[in-house]
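>>> sequence and predicted structure, then a few things I'm wondering about:
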Amino acid sequence: MKIPVFVSCPSTLNDRQENSRRIILEEIDRLGLEERRLGASDYPTELPLREVLVVAKRCSGGIILGFEQFFFETGILKRGTTKESKVSTPFILPTSWNHLEAGIIFGLQLPLLVFREDGIDGGIFDPGVTDAFIHKMPSPSMADSEKRGLTAVFLKWQSKVREHYYR
């Protein structure tokens, strides 16, 4: 039987993002772990946020995949406040579900692994917010040394997942 781990990932990805997701899922499978994700392995019968909690409680670890979901050319930061400022360079945001699901996983004290695309920051993707290191999203064009590094990250994380599962 595979050990369940919660994966926070948007359901709609472009080809590049899908390739990165596939790399991560292959690592999960290779380690004898099972992806659990709303809209993929599990389908909500109640309110989606409640269902995230129900699924996460049955998991022994969590992975957050911070993929670009929103692209903005310009914008206004903190509009209507004394700290309002115009943003004149393009910026990107992940799905807000990444932050909600990460909070649940963190609150359940599950081992957490966080990946983000370049340009994604804020909330769970800010260094120092949790004890989890924020990793660069893997890509098929990774150098061999990066692949070995990714494998090492997963091995360390999965040992914590197994410790949680077997206690």
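On my side now, so go ahead. Here the structure is a predicted model, which means the values were calculated and not measured. Numbers count the residues shown, from 1 in each chain.
>>> for the protein, longest helix please?
With secondary structure taken from DSSP state H, the chain has its longest helix at helix 144-166.
>>> what's the model's confidence in that helix, averaged?
On average, the pLDDT along helix 144-166 is 96.
>>> so for it, what gets flagged as buried?
Leu150, Val153, Phe154, Trp157, Gln158, Val161, Arg162, His164, Tyr165 (16 or more other Cβ atoms under 10 Å). Every residue, glycine included, has its C-beta placed from N, CA and C.
>>> swap in stretch 72-91?
Phe91.
>>> which residues touch it?
Stretch 72-91 has contacts (Cβ atoms under 8 Å, 6 or more residues apart in numbering) with Phe71, Ile92, Leu93, Gly119.
>>> next: stretch 102-116.
Looking at what lies outside stretch 102-116 - Cβ under 8 Å, 6+ apart - the contacts are 6, 8, 20, 24, 52-53, 56-57, 59-66, 94, 123-125, 130-138, 153-154, 157, 160-161, 164.
>>> select only the buried ones of those residues in PyMOL?
Restricted to buried positions by 16+ other Cβ under 10 Å, the PyMOL selection for those reads:
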select buried, resi 6+8+20+24+52+53+56+59+60+61+62+63+64+65+66+94+123+124+125+130+132+134+135+137+138+153+154+157+161+164
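>>> quick one: Val54 from Pro48, how far?
For Val54, the distance to Pro48 equals 10 Å [Cβ to Cβ, to the nearest Å].
>>> these two: who's more crowded?
Val54 (14 against 11; other Cβ atoms under 10 Å).
>>> before we move on, back to that, filter the contacts of stretch 102-116 down to the ones in helices?
Reading helices off the contacts of stretch 102-116 with DSSP H, I get Ser20, Ile24, Val52, Leu53, Ala56, Lys57, Val153, Phe154, Trp157, Lys160, Val161, His164.
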